[in-house]
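Chemist: pasting the sequence and the predicted coordinates here, then a few questions.
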Amino acid sequence: METETLSEPPRRNLVGLGREALAAEMAEFGAEPFRARQLWHWIYRRGATDFAAMTSLSKPFRDKLAARYLLQRPAISRALGSVDGTRKWLLRFADGEEVETVHIPEEDRGTLCVSSQVGCTLTCSFCHTGTQRLVRNLASEEIVGQVMIARDALGEWPSPQEDRQVTNIVLMGMGEPLYNYESVAAALKVVMDGEGLSISRRKITLSTAGVVPMIRRCGAELAVNLAVSLHAVRDDIRDRLVPLNRKYPIAELLEACRAYPGASNARRITFEYVMLKGVNDSPADARELVRLVGGIPAKVNLIPFNPWPGAPYECSPDATIKAFSDIVFAAGYSAPVRTPRGRDILAACGQLKSASVRVRRSERPPLPAA
Ligand code: SAH
């Protein structure tokens, strides 16, 4: 029976648990260790939403599981689709708090932009999330749940090995992932597990505003790709845009980037740079940016500022962005200007409200003589 009486304990949700947590839960439940492995397969490879579907388990065992456990995703409070194919899910958790998850399909990949916190404590002055009052960390289950929801909606079960719609994951949604490191790390271990969701660390990018002491740990323990929200090349300007800079100024941040394990030409660190009219967008800023990232295997993502009601900034004009991009590009860095995506559904996902358009050398007009 599905109904719960008051005397029964609430059923625990198994979706989102890591291998160890699932094994511990099954041990406590009195099941043999291989049962935990079977459950893992059903939950993360097959995407089961019902114990009845777990046909490799005996019927009595499935019934016992169903009486004690749930296979639950976060609730979808709203699902929106953009004319350009971008999809956004507003997800609601048990306590009523909401975050957003965005899927951006591109020709050769599909990127899922995942949130790590409800709201954000960083109060970056150009970012809408920073104006939200309520802030709490997401549990690792709630981070994994975002990936499960996308796979459900895109019909991607069992986890495909090729022709996937979710090929990449970026932690560029709401929140600062390095301020919720433990949960993010636990969630990514589930996401990366080859017998489950199976998204490789090479396809995962964690974006940080620059929590310097945690960057090292992230590199050593998770070894995912790193994106850094730089946005300014002088401390006085960055102090205003990203107040965390007062704690970890540019020089320290770049030092941590230089030491990031695994950074190489094949695995470059992404520097995100939001283009704000008259604030950080001059040719001198571009030249200083090139100087600063010198020696770091880097790429630069120029993000047109996505305005929100009451925002104290404007987006730089196209020609300004182009001139900036040309300087960075001429110095040997790829500096794609991102094409805004999903603006009609107000996707608040960092750079993923835009998707990269790589400009190939051959397509670029020659630089004017200096
Ligand atoms: N806290 C992390 C991840 C979330 S923000 C970080 O700071 O990197 C993801 C990206 O979106 C960051 O580069 C952020 O600076 C950028 N972003 C936030 N608001 C934006 C806006 N209104 N327009 C353009 N980019 C924005």
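Modeler: On my side now, so go ahead. Numbering: from 1, shown residues only.
Chemist: what score does the nearest residue to residue 281 once chain neighbours are set aside have for pLDDT?
Modeler: Leaving aside its sequence neighbours, residue 281 sits nearest to residue 316 (Cβ to Cβ, 6 or more residues apart in numbering; 4.2 Å). Backbone N, C-alpha and C define where each C-beta goes, glycine included. Listed pLDDT for residue 316 reads 96.
Chemist: ends of stretch 274-288, how far apart?
Modeler: For stretch 274-288, the first and last residues are 15 Å from each other (Cα to Cα, to the nearest Å).
Chemist: next, count neighbours for residue 86.
Modeler: Using other Cβ atoms under 10 Å, residue 86 has 25 neighbouring residues.
Chemist: returning to that earlier point: residues contacting the residue nearest to residue 281?
Modeler: The neighbours of residue 316, taking Cβ atoms under 8 Å, 6 or more residues apart in numbering as the test, are 275-278, 281, 304-305, 324.
Chemist: from residue 115, how far out is the spatially most central residue of the chain?
Modeler: In the chain, the centroid-proximal residue (Cα atoms, centre = their mean) is residue 171; its distance is 1.6 Å. From residue 171 across to residue 115, the span is 8 Å (Cβ to Cβ, to the nearest Å).
Chemist: just give the nearest non-adjacent residue to residue 261, would you?
Modeler: Nearest to residue 261 is residue 219, by Cβ to Cβ, 6+ apart, at 4.2 Å.
Chemist: in contact with that neighbour, which residues?
Modeler: 226, 259-262.
Chemist: rerun that using 10 Å as the cut-off
Modeler: Counting by Cβ atoms under 10 Å, 6 or more residues apart in numbering, residue 219 makes contact with 206, 226, 256-257, 259-263.
Chemist: ok, now residue 56?
Modeler: Residue 56 is in contact with 38-39, 41-42, 46, 62, counting by Cβ under 10 Å, 6+ apart.
Chemist: just the buried ones from those?
Modeler: 38-39, 41-42, 62 (16 or more other Cβ atoms under 10 Å).
Chemist: what's the most distant pair in those residues?
Modeler: 41 and 62 (14.2 Å; Cβ to Cβ).
Chemist: my read is that residue 266 contacts residue 299, right?
Modeler: No: checked against Cβ atoms under 10 Å, the pair residue 266 and residue 299 is beyond contact range at 11.5 Å.
Chemist: which of these two has more neighbours?
Modeler: Using other Cβ under 10 Å as the criterion, residue 266 and residue 299 rank with residue 299 on top: 17 against 8.
Chemist: in a strand, the more buried one, correct?
Modeler: Yes: counting by DSSP: H, G, I helix; E, B strand; the rest coil, residue 299 falls inside a strand.
Chemist: double-check it against residue 338; I have them as touching.
Modeler: No: under the criterion of Cβ under 10 Å, residue 299 makes no contact with residue 338, lying 12.0 Å away.
Chemist: out of the contacts of residue 219, who's nearest the ligand?
Modeler: residue 206 (8.3 Å; Cβ to the nearest ligand atom).
Chemist: which SS class is the closest one?
Modeler: strand.
Chemist: please report phi then psi for the nearest residue to it once chain neighbours are set aside.
Modeler: Nearest non-adjacent residue to residue 206, counting by Cβ to Cβ, 6+ apart: residue 171, 4.6 Å away. Main-chain dihedrals, residue 171, degrees, to the nearest 10: phi -90, psi 80.
Chemist: so where's this structure uncertain?
Modeler: Counting by pLDDT under 70, the chain contains low-confidence ranges at 1-7, 347-370.
Chemist: run through the helices of it in chain order.
Modeler: Assigned by DSSP state H, the chain shows helices spanning 19-29, 33-40, 59-68, 140-153, 181-192, 212-217, 235-241, 250-258, 283-292, 318-330.
Chemist: and among those helices, the most buried is which?
Modeler: Mean neighbour count (mean count of other Cβ atoms under 10 Å) peaks for helix 140-153 among those, with a mean of 23.
Chemist: is it true that residue 67 touches residue 8?
Modeler: Yes: using Cβ under 10 Å, residue 67 is in contact with residue 8, at 8.2 Å.
Chemist: could I get the buried ones among the contacts of residue 56 as a markdown table with distance to the ligand?
Modeler: As requested, those are exported to a markdown table (distance: Cβ to the nearest ligand atom, whole Å):
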| residue | distance to the ligand |
| --- | --- |
| 38 | 36 |
| 39 | 32 |
| 41 | 32 |
| 42 | 32 |
| 62 | 40 |
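Chemist: and which of the residues you listed is nearest residue 285?
Modeler: Nearest to residue 285 among the buried ones among the contacts of residue 56, with distances taken as Cβ to Cβ, is residue 41, at 51.2 Å.
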